[in-house]
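[1] model this:
(one chain, ligands or ions: 2)
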Amino acid sequence: MTDLLQIAPEVSAALIAGTPVVALESTIISHGFPYPANLECALECERIAREEGAVPATVAIIGGVIRAGLSRAEIEHLATTAGIPKASRRDLATLVAGGSDGATTVAATMMVAEMAGIRVFATGGIGGVHRGAEASFDISADLEELARTDVAVVCAGAKSVLDLGLTLEYLETHGVPVLGYGTDGFPAFYTRTSGFGVDARFDSPADIAAVLRSRRELGISGGVIVANPIPAEHELSHAEIDGVIETALAEATEQGVRGKEVTPFLLGRIHALTGGRSEAANKELVYNNVRLAARIAGALSEGSR
Ligand code: PSU
Ligand code: MN
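    Ligands and ions are numbered 1, 2, ... in the order given. Got it, this is the predicted structure:
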């Protein structure tokens with residue numbers, strides 16, 4: 001496995017020393033934002049993790065090698081190269097065997113984080129059950145991964161392009177706790193509320209770390225969602241975003257967009273239709289998640305010393 005998974009020396013040193021590490025995904029770089037916002041976001045995430053005392057481990061596949069921890073040149077490569085495959089669980093081995101690059105989704109990044117021994121991962125929003133899934137069967141592999149893989153995912157909830165009610169039902173069925181950070185409500189990415197609740201509320205990173213520690217002591221495996229609402233000053237209004245999402249969904253149906261293209265298509269259309277306002281909000285919520293993830297990783301490493 002060591003030849004196929006390369007952990008950057010700085011990441012591996014931190015893991016051995018038990019100091020904080022935060023995993024970051026790369027689908028958000030190659031498919032979540034246009035250039036140059038993607039590069040700016042990826043570099044700023046790494047900077048914030050460091051500022052908070054954690055080593056960032058951006059995950060991707062580079063030339064058929066799974067990597068945890070990238071150089072600046074490699075991040076630039078992911079941000080500027082067109083057509084880097086979106087890599088979820090089903091794609092990992094194919095891309096490795098083919099010597100390809102791949103931009104890892106939440107699902108694939110969780111897998112790599114677990115392989116590397118990284119316990120906390122920050123992203124923007126998770127994939128979920130799509131609206132109309134009763135006909136399309138479009139349920140993100142992120143949910144299945146959350147059911148099985150032992151990593152805490154700090155996110156701003158999920159976009160309402162998804163059916164958030166069904167997404168939460170799916171998580172409940174699979175035993176994935178949804179922990180609200182400073183909130184009783186499940187956030188809807190651009191907005192702080194969705195009308196749905198969380199399973200439990202916590203107001204400090206140490207309290208979330210305590211839950212992760214208890215799970216480990218009890219031998220409970222699988223993922224945990226830490227739902228961290230977008231900061232109020234960057235929130236969009238429900239009125240603004242709901243209309244845009246309806247338009248983007250209608251366009252996707254009209255154009256027959258399917259499979260792994262659905263989520264990137266919707267993100268691209270939302271960014272275009274809001275004239276960059278959603279892009280700015282998207283960046284800010286990701287930064288907010290990286291900050292919290294670093295603090296949770298810090299609290300975990302405090303407790304293990
Ligand atoms: N949601 C976002 N931004 C993203 C994604 C989801 O708001 O960039 C990406 C994540 O990498 C997530 C993936 O894991 O899309 C889910 O894709 P799918 O719905 O095809 O499983
Ligand atoms: Mn899908």
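[2] which parts of this protein sit against ligand 1?
    Residues of the chain lying close to ligand 1 (CB under 6 Å from any ligand atom) are 25, 27-28, 32, 105-107, 124-125, 127, 140-142, 159, 189, 260, 263, 267. From N, CA and C alone the C-beta is placed, and that goes for glycine too.
[3] same thing but at 5 Å, please
    Along the chain, the residues adjacent to ligand 1 under the rule CB under 5 Å from any ligand atom are T27, I28, G32, T105, V106, G124, G125, G127, S140, D142, K260, T263.
[4] can I get these in JSON lines including neighbour count and distance to A293?
    Shown next, in JSON lines, are the residues of the chain next to ligand 1 (neighbours: other CB atoms under 10 Å; distance: CB to CB, whole Å):
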{"residue": "T27", "neighbour count": "30", "distance to A293": "17"}
{"residue": "I28", "neighbour count": "26", "distance to A293": "14"}
{"residue": "G32", "neighbour count": "27", "distance to A293": "17"}
{"residue": "T105", "neighbour count": "30", "distance to A293": "17"}
{"residue": "V106", "neighbour count": "27", "distance to A293": "13"}
{"residue": "G124", "neighbour count": "27", "distance to A293": "12"}
{"residue": "G125", "neighbour count": "27", "distance to A293": "14"}
{"residue": "G127", "neighbour count": "25", "distance to A293": "18"}
{"residue": "S140", "neighbour count": "25", "distance to A293": "20"}
{"residue": "D142", "neighbour count": "27", "distance to A293": "16"}
{"residue": "K260", "neighbour count": "19", "distance to A293": "25"}
{"residue": "T263", "neighbour count": "26", "distance to A293": "21"}
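[5] how about the residues you listed in JSON lines, adding secondary structure and pLDDT?
    Formatted as JSON lines, the residues of the chain next to ligand 1 follow (DSSP: H, G, I helix; E, B strand; the rest coil; pLDDT from 0 to 100):
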{"residue": "T27", "secondary structure": "helix", "pLDDT": "97"}
{"residue": "I28", "secondary structure": "helix", "pLDDT": "97"}
{"residue": "G32", "secondary structure": "helix", "pLDDT": "94"}
{"residue": "T105", "secondary structure": "coil", "pLDDT": "98"}
{"residue": "V106", "secondary structure": "helix", "pLDDT": "98"}
{"residue": "G124", "secondary structure": "coil", "pLDDT": "98"}
{"residue": "G125", "secondary structure": "coil", "pLDDT": "97"}
{"residue": "G127", "secondary structure": "coil", "pLDDT": "97"}
{"residue": "S140", "secondary structure": "coil", "pLDDT": "97"}
{"residue": "D142", "secondary structure": "helix", "pLDDT": "98"}
{"residue": "K260", "secondary structure": "helix", "pLDDT": "93"}
{"residue": "T263", "secondary structure": "helix", "pLDDT": "93"}
